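Predicted model, plus sequence, below.
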Amino acid sequence: MQAGRPTGPLVQGYEVIIGFETHTQLTTKSKIFSRASTAFGAEPNTQASAVDFALPGALPVMNKGAVLRAIEFGLAVNAHIAERSVFARKNYFYPDLPKGYQISQFEIPVVQGGSVEFFLPSTGSGQALEKKTVRLVRAHLEEDAGKSLHEDFIGMSGIDLNRAGTPLLEIVTEPDMRSSAEAVAYAKELHKIVTWIGICDGNMQEGSFRCDANVSVRKPGAELGTRREIKNLNSFKFMQQAIDYEVRWQIEQLEDGHAIQQATVLFDPDTGETRSMRTKEDAADYRYFPDPDLPPLVVSREWVEQVRSEMTELPRVMAARFVKDYGLPEYDAGQLTQSKAVAAYFEAVAATSQQPKLASNWVMGELSRRLNAEDKGIEISGISARQLGQLISRIADGTVSNNAARQVFDALWTGEGQDVDALIEAKGLKQMSDTGELEKIIDDVLAANAKNVEEVRAGNAKAFNALVGQAMKATKGKANPAQVNELLKKKLG
């Protein structure tokens, strides 16, 4: 950690230091150095070419689509795109690495620097937000290894090279995170970025988005502690559990007088524990040297600017537009730009209703609650953006109360009806608009609750609320609560 970086909350008197390495599988149809398919789920070794098998005389050829996606990511995180980057051989033995080395980038990566910003709820209550920034060191192109299969029923292991050569963009951060909550929030934001711009499908179960967390602890002000790398975290839930366990384990070791040994560890979801897999190597152990079969990768400024001009509106840019154009708080804008589908749905609701803040509240509130309860995506929502926009319009013009609107929402969601106005009429949910009729009801309520009237005039606010409740009950909830409050205050002086 560089001097001046902010500290986070202490755990048992220790500061937690977390850095991430994320392997994002790029959405090319062919591999990074061969024409073999990258499709998931094929029979073992049916999608591996001579290049992937590392047969003698097979030469790698760079996939332009992989470079394009690296450029898009660099632009999305405000990084520098290197005009000239170099591929190297990273040497190590692994059963599913037939070459005995992995082609990667080391000294000069294609994407350099950049940052990822996200919000965390501040300590305390409410929706107070704290903006966090995680600095990126680099994002480099490399090939994936194969996969070892351990089939118990035949008592042996096998090697599947279908994944060998699949294009990866490895995204490396500075050690800027100070808690598992920050780490998960960063990972979610990164996942949103790579799926939003379409360079990765983000399928964590299939290994398209795999995170390695480097975790260490230290006393405040001390040198960085020895890190342990938790490999292949493929769920946000497991990510938080693994980091929390690893932090507790390291603190216990240090408190017991033991030194932390640099290691690669795996997380076992069944036990909730991390376990050491192997001693962690440093860069020198991999004996990097430039790959003699691949020339330097040259990216022209013209190509970068062309890619920039053709990119979709980025989530951070869209969020800033929502704040500026719709007057939304930053929290709302951030939540509504979690996915393109949610953002598009919100904009359609806002356009129909002309009530952007109400639209935001309903999309983030009632709609999200229903979708989560039924495990649905917004693409198959039970209520269309046009319907929700019409319903919000009826709230805004005083036709229905919020409570009545929820009843209409229920009916739309369950398919009881399709037309907002027809449902309001059929269910008798229109708010009372006759001021004279409402005044008569309030007069009757005041006459029937003389004791409450005396207490209100003596300054008892609870008694006033009781009168409001009686008036709403008398109107069967059809009165406008604001109008009831106004008339009561007027009549009570």
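Yep, that arrived. Numbers count the residues shown, from 1 in each chain.

Remind me what the top helix by length along the chain packs against, helices and strands.
Counting by DSSP state H, the longest helix found in the chain is helix 236-255. In terms of contact count using 3 or more C-beta pairs under 8 Å, 6 or more residues apart in numbering; DSSP states H and E, helix 236-255 is assigned the packing partners helix 180-196, strand 209-218, strand 228-233, strand 263-268, strand 273-279. For every residue, glycine as well, the C-beta is placed using N, CA and C.

Now Arg138. Nearest residue, chain neighbours left out?
Pro109 (4.3 Å; C-beta to C-beta, 6 or more residues apart in numbering).

which element is the one you found on?
Taking DSSP states H and E as the definition, Pro109 sits outside all helices and strands.

do you know how far it is from Ser276?
Separation of Pro109 from Ser276 (C-beta to C-beta, to the nearest Å) stands at 29 Å.

The residue nearest to Arg138 contacts Ala139, correct?
Yes. The criterion here is C-beta atoms under 8 Å, and Pro109 meets it with Ala139 at 6.6 Å.

contacting residues around the closest residue to Asp443 other than its chain neighbours?
Spatial nearest neighbour of Asp443, chain neighbours left out: Lys491 (7.5 Å); criterion: C-beta to C-beta, 6+ apart. Residues in contact with Lys491 (C-beta atoms under 8 Å, 6 or more residues apart in numbering) are Ile442, Asp443, Leu446.

From these, which land in strands?
In strands, defined here by DSSP state E, there are no members of the contacts of Lys491.

Just put those residues in JSON lines and tack on distance to Ala359.
JSON lines is the format used below for these (distance: C-beta to C-beta, whole Å):
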{"residue": "Ile442", "distance to Ala359": "33"}
{"residue": "Asp443", "distance to Ala359": "38"}
{"residue": "Leu446", "distance to Ala359": "38"}
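
What average pLDDT does the longest strand along the chain get?
Secondary structure of the chain per DSSP E: the longest strand is strand 129-143. Across strand 129-143, the average pLDDT comes to 93.

out of the contacts of Lys491, which are buried?
For the contacts of Lys491, a burial check counting by 16 or more other C-beta atoms under 10 Å picks out Ile442, Leu446.

Residue ranges of each domain in this protein, please.
Using automatic domain parsing, the domain parsing of the chain gives 15-303, 313-426, 435-492.

closest one to Pro9 among those?
domain 15-303 (6.5 Å; C-beta to C-beta).

distance between the ends of that closest one?
Using C-alpha to C-alpha, to the nearest Å, the end-to-end distance of domain 15-303 comes out at 43 Å.

now the helices for the stretch 351-493 of the chain?
Taking DSSP state H, counting those that start in this stretch as the criterion, the stretch 351-493 of the chain carries its helices at 356-362, 368-373, 385-396, 402-413, 420-426, 435-448, 450-457, 461-474, 481-492.

What distance do you get for Asn162 to Val265?
To Val265, Asn162 is 27 Å away according to C-beta to C-beta.

got it, and Asp256?
Taking C-beta to C-beta as the measure, Asp256 falls 18 Å from Val265.

what do you get for Phe236?
From Phe236 across to Val265, the span is 18 Å (C-beta to C-beta).

More neighbours: which of these two?
Set side by side, Phe236 and Val265 show more neighbours around Val265, with 22 against 16, by other C-beta atoms under 10 Å.

most centrally placed residue in this structure?
Lys188 (3.0 Å; C-alpha atoms, centre = their mean).

Spit out the contact partners of that one.
Phe118, Phe236 are the contacts of Lys188 under C-beta under 8 Å, 6+ apart.

ok, 7 Å please
Phe236 (C-beta atoms under 7 Å, 6 or more residues apart in numbering).

what do you get for Leu68?
Applying C-beta under 7 Å, 6+ apart to Leu68 gives the contacts Val307.

May I see the buried residues of the helix or strand where it lies?
Assigned by DSSP H and E, Leu68 belongs to helix 64-76. Across helix 64-76, burial judged by 16+ other C-beta under 10 Å covers Gly65, Ala66, Val67, Leu68, Arg69, Ala70, Ile71, Glu72, Phe73, Gly74, Leu75, Ala76.

immediately after that helix, which helix or strand?
strand 80-81.

after that next one comes which helix or strand?
strand 84-85.

Let me have the buried residues of helix 64-76 in CSV, extended by pLDDT and distance to Thr271.
Putting these into CSV (pLDDT from 0 to 100; distance: C-beta to C-beta, whole Å) gives the following:
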residue, pLDDT, distance to Thr271
Gly65, 98, 41
Ala66, 98, 38
Val67, 98, 42
Leu68, 98, 42
Arg69, 98, 37
Ala70, 98, 38
Ile71, 98, 42
Glu72, 98, 39
Phe73, 98, 35
Gly74, 98, 39
Leu75, 97, 42
Ala76, 97, 37
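
what comes into contact with stretch 138-148?
Under the criterion C-beta under 7 Å, 6+ apart, residues 32-33, 66, 70, 73-74, 79, 94-97, 102-105, 109-112, 157, 159-161, 163-172 lie in contact with stretch 138-148.

next one: the helix holding Leu68 to chain centre, how far?
For helix 64-76, the separation from the chain centroid amounts to 20 Å (computed by C-alpha atoms, centre = their mean, to the nearest Å).

what stretches of this structure score poorly on pLDDT?
1-8, 121-128, 152-154, 280-284, 432-435, 477 (pLDDT under 70).

about what we covered before: between Pro109 and Ser276, tell me which one has more neighbours.
Neighbour totals were compared for Pro109 and Ser276, and Pro109 leads with 26 against 12 (other C-beta under 10 Å).
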